[in-house]
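Engineer: give me coordinates for this.
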Amino acid sequence: MSRPRVTEMISEDIKNMGSRGVSLQRRLLLFFLLFLAVVMSGTALILLLSGALSAGHAETSAWLRNEISHLSEDVSEEFGELSDDGAALAEGLSSYLDGQLKSGGVRPDGIQSRPEILTGLLAGSFDSLEASLEKSRASGAFLILNATTNPSPAAAGRSRAGLYLKSAEPDTGGAEGRRLAYLRGPMAVAREKGLPLLPQWREEIEAYDSGMFETAKNAAGGSVPVLSRLCFWTSDFALEGGNIPSVFLCVPILTKDKTVIGMCGFSISGQLFKTRYSPPDETYARVCSMIAPMTEDGRLDASGALLAGSYPAERRALAGALTVRDDTLDEFLAADGTEYTGVFEEISLHPADSAFAGRRWALAVMMPKEDFTAFVSERSGRVIGLMAFFFILCLLAAVVLTRRYLSPVLKALRMIRESGAQEYGRTRIPEIDDLIEFLSGQDSARGKSAQASEAKPASSTMYDAFIKKIGALSPAERAVFNLYLEGCDARQIADALCLSINTIKTHNKRIYMKLDVTSRKELMVYAQMMKERGAVRDRG
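Structural biologist: As a prediction, the model looks like this:
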């Protein structure tokens, strides 16, 4: 069949749909689709209320909160132990140095006027500093005296004599097997102790500009009497120089008259923090943890932070204060506009009765926001994809079931139209068999009426009226009518004219209506009369 002919048939079916109504097959399919839509809507509502569609968000949130909980416990425990070790170190050094000054007849506030004794004081303090570092889990230990051997006026304002020992292998988790290196201090002490000098070695510590001594002096002059309450953590202590990320525990060294003659403590480097506190990256490749001081307005000072993770955010990318926007999860906005998603928790590194209780620190576990969004979308996409697959599967099932369910009905109707109800056998479907039985009875009654009509031909007036009505038929209807005159049934006419059986049914309706006949049998009576009268005319 040509494409224009098919298009014409489809257009005609669409035009006839309004007058013919919706077929039983379409009705059943629409019912299935409506039922499927209700089921899918209910399923989506249940998934939404149960949180299945937001499973990725909930999963990530739970994971982040679990990580911050573990991190908070570990940091609190380790930093607390270092504070205790720092207080013990400061107490021992305070006692030793105070005794040395007294035995040498040096006043605590006059230590700067005796630079020749500084190397001896540092050498005598070395063993205590070394033992404390080996015992602790810090990456370095330092001692700074509030004096300098540098006579230059410019250097005297910032340079201070001291010792800074670094653990060359701080990642072993314990003192065994660790090697110490010399970062700051007199060359004579390093030579005496046999320690290697690091490439960044300097003889004195340029740290006075940081104001640490002033901070320690002010705290010691307050009402807090014990060293454990004078410990403070800082990240802005330029002890190592350059941009090496570290945080420092600083404890003042006091004489008995409460004079601050120096400071001591421990350092935790960025590498050590990364080794111990990197979150697992099996699920989230770019997650990182961070410890940072907090600003007065509640932001995180990323410039003084330590970061840990297999893919930690760059310190320079986080330079400045991170703005925290509270939500179901915290969102961090860096100074350069980069967004991170995670959680943070304020942690107390200083006791409530400490002189530095106002110094606030926070821990955070976070990842780039784009990673979080991608993970949540992936999890939600799986659920939505499964729902879409289920919907398509049900849609196909509805089409197949509709056809299989209506197949015997349509087959029976087609056979009845083509061959009549009396010639069609049982279908073993009660409803269809009842319909066939009813139609068979109707056909029998019409058959008897037709026989009576044949026995008593229609009047000449009725025949003449019938002949006139033939002229009202359209060319397409006339073509169908002519084939009926030749004795063809509906299927044969459809094949002869290359039309669908539904189109032939439509023509039949219109032919019956225009010729004022009620059935094919009545039509065939008139057809027979036309043949007989035509034969008579031929003989005449």
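
Engineer: now the residue nearest the centre of the chain, nearest residue through space, not along the chain?
Structural biologist: Taking CA atoms, centre = their mean, the centroid of the chain lies closest to Val376, which sits 1.0 Å from it. Excluding its sequence neighbours, the residue lying closest to Val376 (CB to CB, 6 or more residues apart in numbering) is Gly56, at 3.7 Å. Backbone N, C-alpha and C define where each C-beta goes, glycine included.

Engineer: please enumerate the helices of the stretch 301-450 of the chain.
Structural biologist: Applying DSSP state H, counting those that start in this stretch to the stretch 301-450 of the chain gives helices spanning 369-419, 430-455.

Engineer: ok, of those helices, where does mean pLDDT dip lowest?
Structural biologist: Mean pLDDT values for those show the minimum at helix 430-455, a mean of 59.

Engineer: quick check: next helix or strand after that one?
Structural biologist: helix 460-470 (DSSP states H and E).

Engineer: with just CA atoms, put that following helix into PDB.
Structural biologist: C-alpha atoms of helix 460-470 as PDB (Å, rounded to 0.1, in the frame of the first residue of the first chain):
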ATOM      1  CA  SER A 460     -42.500  -1.000  -7.400                       C
ATOM      2  CA  THR A 461     -42.700   2.200  -5.400                       C
ATOM      3  CA  MET A 462     -40.200   1.000  -2.800                       C
ATOM      4  CA  TYR A 463     -37.900  -0.300  -5.500                       C
ATOM      5  CA  ASP A 464     -38.000   2.900  -7.500                       C
ATOM      6  CA  ALA A 465     -37.300   4.900  -4.300                       C
ATOM      7  CA  PHE A 466     -34.300   2.600  -3.600                       C
ATOM      8  CA  ILE A 467     -33.000   3.200  -7.200                       C
ATOM      9  CA  LYS A 468     -33.200   7.000  -6.700                       C
ATOM     10  CA  LYS A 469     -31.300   6.800  -3.400                       C
ATOM     11  CA  ILE A 470     -28.400   5.100  -5.100                       C
END
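
Engineer: other SSEs contacting it?
Structural biologist: Contacts defined by 3 or more CB pairs under 8 Å, 6 or more residues apart in numbering; DSSP states H and E place helix 460-470 against helix 501-515, helix 520-539.

Engineer: could you dump these to TSV with mean neighbour count?
Structural biologist: Listed next are these as TSV, based on neighbours: other CB atoms under 10 Å:
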stretch	mean neighbour count
helix 501-515	17
helix 520-539	14
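
Engineer: rank the ones you listed by pLDDT, which is bottom?
Structural biologist: helix 520-539 (a mean of 70).

Engineer: what's the angle between that helix and helix 501-515?
Structural biologist: Helix 520-539 runs at 70 degrees relative to helix 501-515, counting by axes from the mean of the first three to the mean of the last three CA atoms, to 10 degrees.

Engineer: counting contacts, what elements does helix 520-539 pack onto?
Structural biologist: helix 430-455, helix 460-470, helix 475-485, helix 501-515.

Engineer: so which bits of the third one are buried?
Structural biologist: Which is helix 475-485. Within helix 475-485, the residues that count as buried by 16 or more other CB atoms under 10 Å are Glu477, Val480, Phe481, Leu483, Tyr484.

Engineer: how about the fourth one: what's its closest non-neighbour residue?
Structural biologist: Spatially, and ignoring its direct neighbours in sequence, Leu483 is nearest to Ile493 (4.6 Å; CB to CB, 6+ apart).

Engineer: after the host helix or strand of the residue nearest to Val376 comes which helix or strand?
Structural biologist: Gly56 is located in helix 55-103, with elements delineated by DSSP H and E. Next in sequence after helix 55-103, counting helices and strands by DSSP H and E, comes helix 118-135.

Engineer: starting from Met290, give me the distance back to the residue nearest to the centre of the chain.
Structural biologist: 22 Å (CB to CB, to the nearest Å).

Engineer: same check, this time on Ser235
Structural biologist: 12 Å.

Engineer: who touches both of these two?
Structural biologist: Ala305, Leu306 (CB atoms under 8 Å, 6 or more residues apart in numbering).

Engineer: what pLDDT does Ser76 get?
Structural biologist: 90.

Engineer: I'd say it and Ile347 touch.
Structural biologist: Yes: using CB atoms under 8 Å, Ser76 is in contact with Ile347, at 6.3 Å.

Engineer: which one's more surrounded, these two?
Structural biologist: Ile347 (17 against 14; other CB atoms under 10 Å).

Engineer: burial of Asp495, as a residue count?
Structural biologist: Neighbours of Asp495 under the rule other CB under 10 Å: 12.

Engineer: tell me which element it falls in.
Structural biologist: helix 490-497.

Engineer: against which helices or strands is that helix packed?
Structural biologist: By 3+ CB pairs under 8 Å, 6+ apart, helix 490-497 packs against helix 369-419, helix 475-485, helix 501-515.

Engineer: just say helix, strand or coil for Pro280.
Structural biologist: Assigned with DSSP: H, G, I helix; E, B strand; the rest coil, Pro280 falls in the coil class.

Engineer: so who does it touch?
Structural biologist: By CB under 8 Å, 6+ apart, the contact set of Pro280 is empty.

Engineer: got the phi and psi for it?
Structural biologist: Dihedral pair for Pro280: phi -60, psi 140, per degrees, to the nearest 10.

Engineer: re the thing from before, look up the pLDDT of the residue nearest to Val376 for me, please.
Structural biologist: 72.

Engineer: what is the burial count for it?
Structural biologist: 20.

Engineer: wait, it sits on Asp371?
Structural biologist: No: with contact defined as CB under 8 Å, Gly56 does not reach Asp371; the gap is 11.7 Å.

Engineer: stretch 474-489: how far from the chain's middle?
Structural biologist: Chain-centre distance of stretch 474-489: 68 Å, with CA atoms, centre = their mean, to the nearest Å.

Engineer: residues contacting that stretch, please?
Structural biologist: Contacts of stretch 474-489 (CB under 8 Å, 6+ apart): 418-419, 470, 473, 492-493, 496-497, 504, 507-508, 510-511, 514, 520, 523-524, 527, 530-531.
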